[in-house]
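Q: how does the following fold in three dimensions:
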Amino acid sequence: EASTRSVLFYITLDNFSSIEKNVGVGGTDPVLKNIGKVIKKHSEGELARFASYAFTLLMPDKDGKKYAEAGEFATKICKAVEESVTELRNGTVVTTCSIGIAQVLASAADPQDVLTDAHTACELAMKQGGNRFEVYKAVVKSGNDKKIKPSDIAKLIETAIEENRLSLRFQPIVSLHGETQEIYEVFLRMVDQDGENVPPGALFDAAEQANLTTNLDKWVLEKAVQALVAQEKKGHQTYFFIKLSDQAIKDESILLYVKKMLRNAKIPGKRFILEMSESIAISQVKLAQTFITQLKTFGCQSALEHFGTGLNSETTLKHIPDDYVKIDRSFSKDLSSNAENKEAVEKIIKMAREFGKLTIAEAVEDANSLTILWSSEVDFAQGHYIQEPLEDLNEFDFSGEEE
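A: Numbers count the residues shown, from 1 in each chain. Presented below is the predicted three-dimensional model:
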């Protein structure tokens, strides 16, 4: 929450080693005391001496204003330090400072992380010649293509809504037999502050670790409802498959949110099909049953995704009252040359049909696989071969006629 936010400044003297050489170790103390006074005079918050020639300053930031103005403040400190002269017995000392700035967010699991971020930014300022500041940026591509830190992703998630870095993509799900309803799967996309895509797997793992999945789920649901309303106004009856986080079935507030959103938007519940993975459904049978039963009370449907990867999928179908089965992407690979996959798909379709459920094959990547899925009587298909996820809902023609 914004109320727990603050800004950390890591301030270090640029030419400390040469000062030490000139005035001796004992002579550096008055310099540090004087610089500490100068910083304190121009700032608010908690100032502390950190390491031999560095300070940390922590400023509370309830409304985000301090972080927005952090650069101006740092420039002011740099100027004040540069103008300050420390009188010593054997001469005078002038110095400059470099400042690293890091935002302290609710999702920062470890104070050490924030300190490291501010220190990293400070080192960057020093490398650029000092007497300046740098703000720590959580980005996907760090030096030498290092793996992005979960703590960085958590920060990106926490500020993503206010910084407008979330968006939806829509992938058509087409019927292989008969009617042409407008059906899409909705995907969440998040970019970092440089506009680089954060990989979805890493995104949801980090959200789970930082307890931020509810924020993402609710954002997706809200935007999906807005998109459905916009489609309705254009005379389109559109259906959305929405994958929620694995935590959603344990969170009553999500069900209430869906109900409220649909009611306020006057959208029929059947336009929403909420997905959960087979593994979660079978490891949390009672919760999954309750979640799906509740969804049914306001007209929504449900789907099991990654289906066929569990130990005993038939047991899952017996216990989970879902409407659709999404056949795991691993089975769609090379269907024309992989007899084992073809057999597995046919077995899943037969089983789903016995339990009265509709089937969807995902990740269809070539024409041959699509032909085999059609002859195996899969109900629906989606994948890059049919259409990659779109930013705009009206770019795909479900009637199959070229415009």
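Q: which element is the nearest residue to residue 46 once chain neighbours are set aside on?
A: Leaving aside its chain neighbours, residue 46 sits nearest to residue 58 (4.7 Å; criterion: C-beta to C-beta, 6 or more residues apart in numbering). To be clear about C-beta, it is placed using only N, CA and C from the backbone, and glycine gets the same treatment. In this assignment (DSSP states H and E), residue 58 forms part of strand 54-60.
Q: which SSE is immediately downstream of that strand?
A: Downstream of strand 54-60, the first helix or strand assigned by DSSP H and E is helix 65-68.
Q: the residue nearest to residue 46 against residue 5, yeah?
A: No: in this structure, residue 58 is not within contact of residue 5 by C-beta atoms under 8 Å, at 11.1 Å.
Q: run through the bridge partners of the residue nearest to residue 46.
A: When bridges are called by DSSP bridges, residue 58 pairs up with residue 8, residue 46.
Q: OK, contacts around it?
A: Shown in contact with residue 58 (C-beta atoms under 8 Å, 6 or more residues apart in numbering): 6, 7, 8, 9, 45, 46, 48, 104.
Q: burial of the fifth one, as a residue count?
A: The local packing of residue 45 (other C-beta atoms under 10 Å) involves 16 other residues.
Q: do residue 335 as well
A: Applying other C-beta under 10 Å, we find 23 residues neighbouring residue 335.
Q: wait, a strand at it?
A: No: applying DSSP: H, G, I helix; E, B strand; the rest coil, one finds residue 335 to be coil, outside a strand.
Q: how far away is the residue nearest to residue 46 from residue 331?
A: Taking C-beta to C-beta, to the nearest Å as the measure, residue 58 falls 53 Å from residue 331.
Q: residue 372 too?
A: Noted for residue 372: a distance of 11 Å to residue 331, by C-beta to C-beta.
Q: neighbour count: the two, which is higher?
A: Taking other C-beta under 10 Å, residue 372 and residue 331 do not tie; residue 331 has more neighbours (24 against 21).
Q: state the pLDDT value of the more buried one.
A: According to the prediction, residue 331 has pLDDT 93.
Q: residues contacting it?
A: Contacts of residue 331 by C-beta under 8 Å, 6+ apart are 308, 341, 344, 345, 348, 361.
Q: out of those, give me the one that has the most neighbours.
A: Those, ranked by neighbours (other C-beta under 10 Å): first place residue 361, 30 neighbours.
Q: ok, back up a step: would you mark the buried spots in the strand holding residue 58?
A: 54, 55, 56, 57, 58, 59 (16 or more other C-beta atoms under 10 Å).
Q: any low-confidence regions in this structure?
A: The chain contains residues with pLDDT under 70 at 1-3, 108-109, 142-147, 401-403.
Q: strands of the stretch 101-250 of the chain, residue ranges please.
A: Along the stretch 101-250 of the chain, the stretches classed as strands by DSSP state E, counting those that start in this stretch are 133-135, 166-172, 174-175, 182-190, 238-243.
Q: can you add mean neighbour count and distance to residue 95 and give those back as CSV?
A: As requested, those are arranged in CSV below (neighbours: other C-beta atoms under 10 Å; distance: least, C-beta to C-beta, whole Å):
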stretch, mean neighbour count, distance to residue 95
strand 133-135, 22, 16
strand 166-172, 19, 43
strand 174-175, 18, 67
strand 182-190, 21, 41
strand 238-243, 22, 55
